[in-house]
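Need coordinates for the below:
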Amino acid sequence: MSKSTSKPITLKQVAAAAGVSLSTASRALSGKAEAYRISSTTEKSVRDAAKKLQFSPSLLARSLRSQRTKLWGIVLPNIANPFFAAIAREIALTAEENAFSVLITDSQENSETEVHLVEQLLARQIEGLIVCPVGIRNQHLTKIAKQKLPLVLVDRGFDHKDLVTVTSDHRAGARAATKLLLESGHRTIGILQGLPDTLPNTERLVGVREAFALQNIAFDPALIAGNHFDETSGYQAAGKLLSEYPEITALFAFSNQNALGALRAAGELGRKIPDDLSLIAFDDHPFAAYLAAPLTSVNQDVSQLGRVAARLLMGQIKTGALPEERQHRIPVQLMIRASIMKIG
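Residues are numbered from 1 along each chain as shown. Alright, predicted model coming up:
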C-alpha cells in the first residue's frame, strides 16, 4: 500500500501483514498475548507489522467495533506549572460534563517522552487527545490527525493545516508588553526567552521587534538570552544579561517561571525591582500581585484556552469531522502593576 494514501490502516491489514488471524493481532496489540498464550515471536511480528504500516493501537476499538472507552488523553509539558495545571482542570471539567474521564500525563518538556506518552495513551484506546506539545516535533501528531482520531493542541502549536490548535495571541501580548516598557522610557531591555523555535517563543519575539519598530527604535538581538520556559533558564539568562550589560534597565521574561528566576538573579546582583530594574512577564501567576513589587504581566485567559480546546475535541468526537476553523487565537490582557518604573 502506498504511504501517501489518506485512508487509515486497518487491523485486518496488520493481521494479514503479520500472517496471523484478526483476533491474534487484536490480542497482541492490546497487551493480552500472554493471557492467550501467544508466543513472543508472534507478538513481535504483529507489533512490527503495525509499526511498519503505521497502524495506531487507538484504532483497535473501532476496528473491532467494541464498546467506547469514554476516555480523553491529556499530555502536558509540566504539570507542576500552574499555567498547565489550570488548562488541565478546565479540560477535565468539560470532559466530566460530557460523561468522559481524563488520563493526564507529564512529558517533562521532553519531545521523546511526549511521543512515548502519546503512544501509551493511544494504547488505552482513548476517544480523543489534547496535547500541550513541547513544540519541537510534530510528526507523531500529524500522524494521529491523518488517522482521524480527535486531536487538539493547546498553547504551543505548529503551522499545519490538519492540526487543530488553541493558543493565546502571543504576538499581540509581547508587542503590548514591550510598548509599555518603551513608553516608560526604557531603551535597553533584556529579553528572557523560552524554548527557541516553539510557536509561543517565535511569536513573542516577533511582537517585541514590532514594538521597537513602531517606536522607530533599534532592537539589539544581543540582549536576548535563555533556552527554556523554566525558572533555571530565567535565572541563568537574567544573570548573564545583567552581568554583561549592566546598563539594562528592564527585563521582559517570556514566562512566569522565567520571571521567578530573574527575580532571584536580580536579587543576587543587588538590583532592586522596580527601583533599579523593571520587570514584566508573559503569563500571570497566582502570586504575582502579592510580591514585594507586584509583577506586571501579560495575562493569558487560561480558562478559555482549556474550555475552547475541550469544546473543539468534543465537537470532533460528536461529528467525526474537523472544525472549519483550525487555528484559534485567544486574546490576552496586560496587567499593569508596580514592577515597572518610568525613567528619563
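
Tell me the buried residues in stretch 174-184?
Across stretch 174-184, burial judged by 16 or more other Cβ atoms under 10 Å covers 174, 175, 176, 177, 178, 179, 180, 181, 182, 184. Glycine gets a C-beta too; all of them are placed from N, C-alpha and C.

Outline the domain layout of this structure.
Using automatic domain parsing, the domain ranges for the chain come out as 11-55, 71-168+302-331, 170-300.

Of all those domains, which one is nearest residue 342?
Across the domains of the chain, residue 342 has its closest neighbour in domain 170-300 (4.6 Å, Cβ to Cβ).

all strands in the stretch 1-150 of the chain, in order from the N-terminus.
Using DSSP state E, counting those that start in this stretch, the strands of the stretch 1-150 of the chain run over residues 71-76, 101-106, 128-131.

Also the stretch 201-344 of the chain?
224-225, 250-253, 278-282, 296-300, 327-330, 332-335.

Describe which strands the shortest one pairs with in its sheet and in which direction.
For strand 224-225, the paired strands and their directions (DSSP bridges) read strand 189-192 (parallel).

who touches the residue lying farthest from the centre of the chain in this structure?
The outermost residue of the chain relative to its centre, with distances by Cα atoms, centre = their mean, is residue 37 at 41.1 Å. Contacts for residue 37 (Cβ atoms under 8 Å, 6 or more residues apart in numbering) come out as none.

Serialize the strands of the stretch 1-150 of the chain to a markdown table and add fields for mean pLDDT, mean neighbour count and distance to residue 343.
What follows is the strands of the stretch 1-150 of the chain, written out as a markdown table (pLDDT from 0 to 100; neighbours: other Cβ atoms under 10 Å; distance: least, Cβ to Cβ, whole Å):
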| stretch | mean pLDDT | mean neighbour count | distance to residue 343 |
| --- | --- | --- | --- |
| strand 71-76 | 96 | 25 | 39 |
| strand 101-106 | 96 | 17 | 42 |
| strand 128-131 | 98 | 26 | 43 |
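
Is it possible to get TSV of those that adds distance to residue 284?
Shown next, in TSV, are the strands of the stretch 1-150 of the chain (distance: least, Cβ to Cβ, whole Å):
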stretch	distance to residue 284
strand 71-76	18
strand 101-106	22
strand 128-131	22
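
nearest to residue 338, of the domains of the chain?
Each of the domains of the chain has some distance to residue 338 by Cβ to Cβ; the shortest is domain 170-300, at 4.8 Å.

Give me the pLDDT for residue 22.
We have a pLDDT of 88 for residue 22.

which non-adjacent residue is nearest it?
Spatial nearest neighbour of residue 22, chain neighbours left out: residue 15 (4.9 Å); criterion: Cβ to Cβ, 6 or more residues apart in numbering.

just for the stretch 51-200 of the chain, where's the confidence low?
Within the stretch 51-200 of the chain, the segments meeting pLDDT under 70 span 56-67.

Pick out the residue closest to the middle of this structure.
So for the chain, Cα atoms, centre = their mean, it's residue 132, sitting 2.9 Å from the centre.

pretty sure it contacts residue 85?
No - Residue 132 is beyond contact range of residue 85, at 10.8 Å (criterion: Cβ atoms under 8 Å).

Between the two, which contacts overlap?
What both residue 132 and residue 85 touch, as defined by Cβ under 8 Å, 6+ apart, is the set residue 76.

so who does the closest residue to residue 316 other than its chain neighbours touch?
Leaving aside its sequence neighbours, residue 316 sits nearest to residue 150 (Cβ to Cβ, 6+ apart; 3.6 Å). By Cβ under 8 Å, 6+ apart, the contact list for residue 150 reads 127, 128, 129, 313, 316, 317.

which one among those gets closest to residue 41?
residue 129 (31.7 Å).

does the closest one really touch residue 91, like I thought?
No - using Cβ under 8 Å, residue 129 is not in contact with residue 91; the gap is 11.0 Å.

tell me, what's touching these two both at once?
Joint contacts of residue 129 and residue 91 (Cβ under 8 Å, 6+ apart) are 72, 74.

picking up where we left off before, for the strands of the stretch 1-150 of the chain, which one sits closest to residue 140?
Closest of the strands of the stretch 1-150 of the chain to residue 140 is strand 128-131, at 9.3 Å (criterion: Cβ to Cβ).

who touches the closest one?
72-75, 91, 100, 114, 118, 121-122, 141, 144, 149-154, 309-310, 313-314, 316-317.

In PyMOL, how would I pick out whichever of those residues are buried, leaving the exposed ones unselected?
Selection of the buried residues among those in PyMOL, burial being defined by 16+ other Cβ under 10 Å:
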select buried, resi 72+73+74+75+91+100+114+118+121+122+141+144+149+150+151+152+153+154+309+310+313+314+316+317
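
So which of the contacts of strand 128-131 are in helices?
91, 114, 118, 121-122, 141, 144, 309-310, 313-314, 316-317 (DSSP state H).

Which single one of these is nearest to residue 335?
For these, the closest approach to residue 335 (Cβ to Cβ) belongs to residue 309, at 22.9 Å.

quick one: contacts for the closest one?
Contacts for residue 309 were tallied using Cβ under 8 Å, 6+ apart; they are 87, 91, 130, 152, 154, 166.

tell me which residues form a beta bridge with residue 224?
Residue 224 has these beta-bridge partners by DSSP bridges: residue 191.

I'd guessed it sits against residue 191; true?
Yes - if you go by Cβ under 8 Å, residue 224 and residue 191 touch, sitting 4.5 Å apart.
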